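Peer 1: Just need the structure, nothing else, for what follows:
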Amino acid sequence: MTVELHITGDPEADSLLSADPLALLIGMLLDQQIAMETAFAGPAKIRERIGRLDAATIADYDAEAFVDVFRTTPAVHRFPGSMAGRVQQLCAALVENWGGDASAIWMRDNPTGAEVLARLKALPGFGEQKAKIFLALLGKQYGVTADGWREAAGDYGTEGSCRSVADIVDLGSLTKVREFKRAAKAAAKK
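Peer 2: Residues are numbered from 1 along each chain as shown. So this is what the prediction gives:
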């Protein structure tokens, strides 16, 4: 199965996300306090600036130089110092626990949806909600068919929903996800 994601609006960045599980995982990590498209375009910027995108290279990259990679215009993230550090922590955990292979999180030993969720939550920077959204993205668009993934992803796994990056397949669905997020923020303020 060939995966073809349409998250960023940039064909090159979307192609990288579609082909490279590490890029997708880093994009999800970056998806906070910035637009989703910017977050998921981040891995392409990192690859362009350091010449490759692999967990060992990023984990071992000089920390100050990696912050500069994030800070270079256009910035990878609006908080270059903290997010560069988080990406390096994530990559170090991947090297240590998964042989540097991001897809091993959802592929190794044929895990259930609940096991994939637990593995994601154990990663630096992945809390309950981020892990559920990423599991839904894997199930809805990346071809991951772990038993019980929809249940483990909670509301994010609901078929036909438009609540997160897991549901973005085109400009129309991006607009619906944005509307859902706006409504959720407004409701939370009441």
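
Peer 1: where's the residue sitting nearest the centre point of the chain relative to Asp68, distance?
Peer 2: For the chain, the residue sitting closest to the mean C-alpha position, by Cα atoms, centre = their mean, is Met28 at 1.9 Å. As judged by Cβ to Cβ, to the nearest Å, Met28 and Asp68 stand 23 Å apart. Yep, even glycine has a C-beta here, placed from its N, CA and C like the rest.

Peer 1: one step back: local confidence estimate at the residue nearest to the centre of the chain?
Peer 2: In this prediction, Met28 carries a pLDDT score of 98.

Peer 1: repeat for Asn97
Peer 2: With respect to pLDDT, Asn97 scores 97.

Peer 1: Same check on Asp170?
Peer 2: Looking at Asp170, its pLDDT stands at 87.

Peer 1: so where does the closest residue to it other than its chain neighbours fall, helix or strand?
Peer 2: Sequence neighbours aside, His6 is the residue nearest to Asp170 in space, at 5.8 Å (criterion: Cβ to Cβ, 6 or more residues apart in numbering). Secondary-structure element containing His6, defined by DSSP states H and E: none, the residue being outside all helices and strands.

Peer 1: ok, His6 - how many residues close by?
Peer 2: 17 (other Cβ atoms under 10 Å).

Peer 1: again, but for Ala93
Peer 2: Ala93 has 17 neighbours, counted by other Cβ under 10 Å.

Peer 1: That one touches Leu123, doesn't it?
Peer 2: Yes - counting by Cβ atoms under 8 Å, Leu123 is a contact partner of Ala93 at 5.8 Å.

Peer 1: if we can go back for a sec, can you name the residues that contact the residue nearest to Asp170?
Peer 2: Applying Cβ atoms under 8 Å, 6 or more residues apart in numbering to His6 gives the contacts 14, 168-170.

Peer 1: Of those, just say which sits nearest to Ala59.
Peer 2: Here the nearest of these to Ala59, counting by Cβ to Cβ, is Asp14; it sits at 25.1 Å.

Peer 1: Following element in sequence after the strand or helix carrying that closest one, please.
Peer 2: Assessed by DSSP H and E, Asp14 sits inside helix 11-19. Later in the chain than helix 11-19, the nearest helix or strand by DSSP H and E is helix 21-30.

Peer 1: Phe126 is in what secondary structure piece?
Peer 2: Take DSSP H and E as the rule and Phe126 turns out to sit in neither a helix nor a strand.
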